[in-house]
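Participant: model this:
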Amino acid sequence: MWILTLFLQDRIKMFEYDNKDEARGEFERADGCKILSEIIHYKDFEKSGT
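Facilitator: Residues are numbered from 1 along each chain as shown. So this is what the prediction gives:
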C-alpha cells in the first residue's frame with residue numbers, strides 16, 4: 001500500500017494507492033509539499049515467509 005500525503009496551507013490530505021506506479025504518477029502531478037510512503041504490514045511478511 002502506498003500513501004500520498006499533501007501538506008496544504010490550511011489542511012493535510014492523504015490518498016491511498018494499491019500500486020507503486022499509480023502512486024508515483026499522482027506524486028509527480030501533485031503540487032506543493034508532499035510525501036510518498038510505502039506501508040508494509042507485518043502480516044504481509046508472515047504470509048510471504050520472509
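Participant: how about Lys43, secondary structure?
Facilitator: Reduced to three states with DSSP: H, G, I helix; E, B strand; the rest coil, the structure at Lys43 is helix.
Participant: just Met14 next, same as before
Facilitator: At Met14, secondary structure determined by three-state DSSP is strand.
Participant: Same question for Arg24.
Facilitator: The assignment at Arg24 comes out as helix when based on three-state DSSP.
Participant: Does it touch Lys34 like I think?
Facilitator: No - using CB atoms under 8 Å, Arg24 makes no contact with Lys34, being 11.6 Å away. Quick note: C-beta positions are derived from backbone N, CA and C, even for glycine.
Participant: What lies in contact with stretch 8-15?
Facilitator: Residues from elsewhere that reach stretch 8-15, judged by CB atoms under 8 Å, 6 or more residues apart in numbering: 3-6, 26, 32.
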